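>>> What shape does this take:
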Amino acid sequence: MEIAEHVKALRREGEWLADAAERAGLDATVPPCAPWQVKDLLRHTGYVHRWAARHITECPDQIIDGPSEEEILRGDADDAGLLAWFRDGHAALAQTLATADPAVACATFMPAPSPLAFWARRQAHETAIHRADADSAAGTMPEYEPRFAADGIDELITGFGRRRKYQPGSNADDTRLRVLATDTGDAWLVEAHEGRLQPRRDAGDLQEAGCTVSGPASGLYLYLWNRADAARAGVTVAGDPGLLSAWQSSVRVRWG
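Next comes the predicted model:
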């Protein structure tokens, strides 16, 4: 996906997140992120939006340190103004990304074609997954456009899956997990070797996998981000789920 597409998705997902939060109410629980309430979700995501925008406007050469999650959830905005505060920060981030110099140089934490491409993609999916949290609090489950969902799966598997902090240990060695989006045809392979994940896109000529996870891209996106179980997401798991279990327990993206 292009930068402009990610910015468009960021705008859309953030607006839907705010709408779902308003429907659910600030005190509603957020089942995928227990014990969070909607107010916590808004403070977290609103802070991340402002933090991300600073990288584009301040152009640091290292990732900006932020407060702890506990401090973020104590945030400055009071409950009465929280939705407006969230909407303002979200709109400002989208505008910052949309108007930034394509050659802007700043820190990132995963490989990307450019820093601007990294931040646009990361914030589009950060916001989309937290939109699922807001929908969950409101008693619904989102449906994502398949190409966007496949892009998010790719970021999770080939981006976060390579980071040293998310590794399953040697118990998963010499196992292979294949992920297949049945509606877009996109596929990925995750292998474990010497306690580290080695994910890559499936070019169609890969060795047999011990476990295959397949389903529509939207459902896979939610399932792999631990936002829906397999049945609810319409996902099928075939074979030995050992590496899948290791993936789900180790690749859990958190602030800090």
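>>> What's the local residue count around residue 191?
Close neighbours of residue 191, defined as other CB atoms under 10 Å, add up to 20. All C-beta spots, glycine's among them, are computed from the backbone N, C-alpha and C.
>>> does it count as helix, strand or coil?
State at residue 191, reduced to three classes by DSSP: H, G, I helix; E, B strand; the rest coil: strand.
>>> That one contacts residue 178, correct?
No. Residue 191 is beyond contact range of residue 178, at 9.9 Å (criterion: CB atoms under 8 Å).
>>> CA atoms of stretch 4-18 as PDB?
The C-alpha coordinates for stretch 4-18 follow below in PDB (Å, rounded to 0.1, in the frame of the first residue of the first chain):
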ATOM      1  CA  ALA A   4      -1.600   8.100   0.900                       C
ATOM      2  CA  GLU A   5      -3.600   4.900   1.200                       C
ATOM      3  CA  HIS A   6      -2.300   4.400   4.700                       C
ATOM      4  CA  VAL A   7      -3.100   8.000   5.700                       C
ATOM      5  CA  LYS A   8      -6.600   7.500   4.300                       C
ATOM      6  CA  ALA A   9      -7.000   4.300   6.300                       C
ATOM      7  CA  LEU A  10      -5.700   6.100   9.400                       C
ATOM      8  CA  ARG A  11      -8.400   8.800   9.000                       C
ATOM      9  CA  ARG A  12     -11.200   6.300   8.500                       C
ATOM     10  CA  GLU A  13     -10.200   3.900  11.300                       C
ATOM     11  CA  GLY A  14      -9.700   6.700  13.800                       C
ATOM     12  CA  GLU A  15     -13.100   8.200  13.100                       C
ATOM     13  CA  TRP A  16     -14.700   4.800  13.500                       C
ATOM     14  CA  LEU A  17     -12.800   4.100  16.700                       C
ATOM     15  CA  ALA A  18     -14.100   7.400  18.200                       C
END
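>>> Give the buried residues for it.
6-18 (16 or more other CB atoms under 10 Å).
>>> now, which of the residues you listed lie within helices?
Under the assignment DSSP state H, these contribute 6-18 to helices.
>>> pLDDT below threshold where in the stretch 101-250 of the chain?
163-173, 203-207, 250 (pLDDT under 70).
>>> For residue 191, give its distance to residue 214.
Using CB to CB, to the nearest Å, residue 191 is found at 18 Å from residue 214.
>>> How about residue 112?
27 Å.
>>> separation between residue 199 and residue 224?
According to CB to CB, residue 199 stands 11 Å off from residue 224.
>>> Could you name every residue contacting both of those two?
residue 157 (CB atoms under 8 Å, 6 or more residues apart in numbering).
>>> So which residues of this protein form helices?
3-24, 38-58, 69-73, 82-99, 115-137, 146-154, 217-224, 230-233, 242-250.
>>> right, and the ones you listed - which one's nearest residue 210?
Distance to residue 210, taken as CB to CB, is lowest for helix 242-250 among the helices of the chain, at 6.8 Å.
>>> How far does the closest one sit from its chain's centre?
A distance of 17 Å separates the centroid of the chain from that of helix 242-250, by CA atoms, centre = their mean, to the nearest Å.
>>> In that helix, which residues are buried?
Judged by neighbour count using 16+ other CB under 10 Å, the buried positions of helix 242-250 are 242, 243, 244, 246, 247.
>>> could I get those residues as a markdown table with distance to residue 142?
Listed next are the buried residues of helix 242-250 as a markdown table, based on distance: CB to CB, whole Å:
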| residue | distance to residue 142 |
| --- | --- |
| 242 | 30 |
| 243 | 27 |
| 244 | 23 |
| 246 | 27 |
| 247 | 22 |
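>>> Just name the closest of those to residue 30, please.
Distances from residue 30 to those, taken by CB to CB, are shortest for residue 247, at 22.8 Å.
>>> Tell me the spacing between the closest one and residue 223.
From residue 247 to residue 223 the distance is 11 Å (CB to CB).
>>> how about the nearest residue to residue 60, chain neighbours excluded?
Nearest residue to residue 60, sequence neighbours excluded (CB to CB, 6 or more residues apart in numbering): residue 107, at 5.4 Å.
>>> Same check on residue 201?
residue 188 is the one closest to residue 201 (CB to CB, 6+ apart), at 5.6 Å.
>>> Done for today, thanks.
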